[in-house]
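Asker: just to be clear, the model below is a prediction. Sequence and coordinates:
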Amino acid sequence: MMKKSWLALLLMCCLLLAACGQAAAPAQESAPAPAEGPAAAEEPTPEPAGTRAFTDSTGRTVTVPARITRIAVSGPLTQTYILPLGIDLMVGVSNAYASEVKKYLPETLLELPEIGQLYGGKGELDLEALLAAAPEVVIDIGETKSGMKEDLDALTEQTGIPFVHVEATVSTAAAAYRTLGDLLGREEQAEELAAWCEGTLQAIDEMMAKVDADGARKSLLYCLGDTGTNVMAQGSFHADTINIMSDNLAVIDDVTSSGAGNESDLEQIMVWDPEVIIFDYSSIYDQVPELPQWQAVSAVAQGHYYRTPYGPYGWLSSPPSVQRYLGLLWLGDLLYPEYVPYDLQEEVTEYYRLFYGCELTDEMYAELMQGAL
C-alpha cells in the first residue's frame with residue numbers, strides 16, 4: 001500500500017504552501033452570496049477552459065486537461081502499459097533500467113529522470129522530482145485496491161495534480177488501452193494495441209479450451225526468491241498468467257499481494273509435486289543442478305524446470321503488466337507445443353516491435369530464451 005512517510009511529507013508541504021499563500025494574499029472584497037432556491041442548485045459547475053471530466057476505474061470523476069501533453073506514471077506496471085502509447089508524453093520513469101535491458105528500449109526513455117513509484121516495494125515516490133517534472137496528470141494502472149479512491153483523492157487535493165487509476169488485468173488489457181486512448185486523445189493508436197491483446201488472448205483461450213477438453217493441463221509452480229521456495233499462489237494478482245496456462249498448485253490460505261510471492265519450503269513443494277517448475281529470472285535456476293536438496297523434487301529430477309524470460313521486464317509478473325501476454329505465449333509453447341497455433345518467435349518479435357519499438361534480432365531472441373525452452 002501507499003508509503004505513509006511520503007504521504008505525510010506531501011501533506012506537510014501542502015500545508016506550508018497554503019500558509020504562505022494566505023500570508024501573502026492581498027485583501028479582497030467579499031464575493032456576493034450565491035443565489036438561493038432550486039434554480040441555483042440546478043446550475044452546473046462549468047469546467048475550467050481547456051479541461052474536461054474523466055471518470056477513472058475507481059468511479060472518481062477528475063478534471064484533466066482537454067489535451068494532455070505531460071504525464072507521470074505511478075510505477076513500473078503503469079510505465080509498461082504507457083510505453084507504446086505515450087512515451088513522448090512521459091516526464092520521468094519510475095525506476096532506472098539495468099544496463100543489460102537498455103537495448104530493448106528507446107533512447108528517449110532512458111534519458112528521462114527517475115521519480116520513483118507510488119505502490120510496491122522498490123522505492124518510494126520522489127515528491128520533489130515529481131513536482132519539478134510538472135506533469136499535468138499522474139496515471140496509475142493495475143489492480144483496483146481497497147482504499148485507492150480515497151488515496152488518489154487525497155493526492156489530487158494535496159498536490160494540485162489529478163491522479164487517475166485505470167484498472168488492468170491480463171483479461172482486461174484491451175479495455176485498459178481503450179480507456180487510455182480516450183484519456184490521452186490517442187484512440188487510433190490505442191485501438192491497435194487493444195486489438196493485439198484481444199487477438200492474442202482469444203488464441204490462448206481457444207488453445208486452452210482444447211487442452212482442457214483433452215485433460216492435458218499441466219500442474220505447475222512458479223518459484224521465486226533467493227532459495228527458490230517462495231511461490232506465486234492462486235488468488236494473487238501476480239499469478240494471473242500461470243493460472244490461465246496451468247494448474248497452479250500453490251493454494252494458500254493467506255495469499256500475499258507482494259510480487260515476492262508467499263514463503264514456502266522444499267517439503268511443501270515436494271507435497272505439491274508439480275509436473276513443471278518455473279523459476280523467476282532472478283531466482284536460483286542456475287544453481288539448481290548443484291543443490292542436492294532440489295534433486296528430490298520430481299520436476300527437477302526429470303529436467304522439467306525452466307527460467308522465466310527477462311528483458312526489459314520479466315514475462316510472468318515483474319511487474320504484473322501487459323508484458324504478461326508474452327508469458328501466455330511462452331507458456332503455451334513450452335507446456336503445450338502440440339496445441340500451439342502460432343510461431344512463438346514471430347509473436348515475440350511482433351510484441352517487441354509494437355510495444356517497445358524494438359527490432360528483435362535472432363540473437364536477442366535466443367538470449368531471451370536461454371533456460372526458458
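Answerer: Sure thing, it's come through.
Asker: distance of T227 from E188?
Answerer: Taking C-beta to C-beta, to the nearest Å as the measure, T227 falls 48 Å from E188. The way it works is simple: take the backbone N, C-alpha and C, and place the C-beta from them, glycine included.
Asker: where does pLDDT dip in the stretch 101-250 of the chain?
Answerer: In the predicted model of the stretch 101-250 of the chain, residues 119-123 satisfy pLDDT under 70.
Asker: can you give me the strands in it?
Answerer: 137-142, 163-167, 219-224, 230-231, 247-248 (DSSP state E, counting those that start in this stretch).
Asker: CA atoms only: put the second one into CSV for me.
Answerer: This file holds the C-alpha atoms of strand 163-167, laid out as CSV (Å, rounded to 0.1, in the frame of the first residue of the first chain):
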residue,chain,number,x,y,z
PHE,A,163,-4.3,11.3,-10.2
VAL,A,164,-6.3,8.8,-12.2
HIS,A,165,-6.5,5.0,-12.0
VAL,A,166,-7.1,2.6,-14.9
GLU,A,167,-7.9,-1.0,-14.0
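Asker: what about that strand, distance to the chain center?
Answerer: Taking C-alpha atoms, centre = their mean, to the nearest Å, the mean C-alpha location of strand 163-167 is offset from the chain mean by 12 Å.
Asker: for it, which outside residues touch it?
Answerer: 54, 56-58, 60, 62, 64, 74, 81, 137-144, 148, 152, 155-156, 176, 179-180, 183 (C-beta atoms under 8 Å, 6 or more residues apart in numbering).
Asker: sorry, back to before: wait, which of the strands of the stretch 101-250 of the chain is closest to V288?
Answerer: strand 219-224 (9.8 Å; C-beta to C-beta).
Asker: hmm, who's touching that closest one?
Answerer: Taking C-beta under 8 Å, 6+ apart as the rule, strand 219-224 contacts 229-232, 239, 242, 245-250, 260-261, 269, 272-280, 282-283, 299, 308, 316-317, 335.
Asker: neighbouring contacts of stretch 275-287?
Answerer: 218-228, 242, 246, 269, 288, 291, 297, 299-300, 304-310, 314, 316-318, 331, 334-335, 371.
Asker: mind telling me what element the spatially most central residue of the chain is part of?
Answerer: Taking C-alpha atoms, centre = their mean, the centroid of the chain lies closest to L77, which sits 2.3 Å from it. If you go by DSSP states H and E, L77 is part of helix 76-86.
Asker: by contact count, what packs against that helix?
Answerer: strand 71-73, strand 137-142, helix 173-184, helix 187-213, helix 344-356 (3 or more C-beta pairs under 8 Å, 6 or more residues apart in numbering; DSSP states H and E).
Asker: what pLDDT, on average, does stretch 310-328 get?
Answerer: For stretch 310-328, mean pLDDT rounds to 95.
Asker: just how off-centre is that stretch within its chain?
Answerer: 9 Å.
Asker: then stretch 317-335?
Answerer: Its chain's C-alpha centre and that of stretch 317-335 lie 13 Å apart, by C-alpha atoms, centre = their mean.
Asker: what's the neighbour count on M208?
Answerer: 20 (other C-beta atoms under 10 Å).
Asker: list the contacts of it.
Answerer: 217, 244-245.
Asker: got it, and G185?
Answerer: By C-beta under 8 Å, 6+ apart, the neighbours of G185 are 67-68.
Asker: so N262 versus Y310, what's the distance?
Answerer: Shown here: N262 relative to Y310, a distance of 21 Å by C-beta to C-beta.
Asker: helices or strands up against the helix or strand hosting V271?
Answerer: Taking DSSP H and E as the definition, V271 sits inside helix 266-272. In terms of contacts (3+ C-beta pairs under 8 Å, 6+ apart), helix 266-272 is packed against strand 219-224.
Asker: hang on, the earlier thing: pLDDT averaged over the helix holding L77 - what is it?
Answerer: Here the average pLDDT along helix 76-86 is 95.
Asker: do the same with stretch 356-370
Answerer: Mean predicted confidence for stretch 356-370 is 97.
Asker: give me the buried positions along it.
Answerer: 356, 358, 360, 364, 368-369 (16 or more other C-beta atoms under 10 Å).
Asker: who's in contact with the closest residue to Q323 other than its chain neighbours?
Answerer: Spatial nearest neighbour of Q323, excluding adjacent residues (C-beta to C-beta, 6 or more residues apart in numbering): Y313 at 4.9 Å. By C-beta under 8 Å, 6+ apart, the contact set of Y313 is 76, 80, 101, 319, 321, 323.
Asker: dump those to CSV, plus distance to Q202 and neighbour count.
Answerer: Shown next, in CSV, are the contacts of Y313 (distance: C-beta to C-beta, whole Å; neighbours: other C-beta atoms under 10 Å):
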residue, distance to Q202, neighbour count
P76, 27, 24
T80, 22, 24
V101, 29, 12
P319, 24, 25
S321, 20, 25
Q323, 19, 26
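Asker: the residues you listed: which two are farthest apart?
Answerer: V101 and S321 (14.5 Å).
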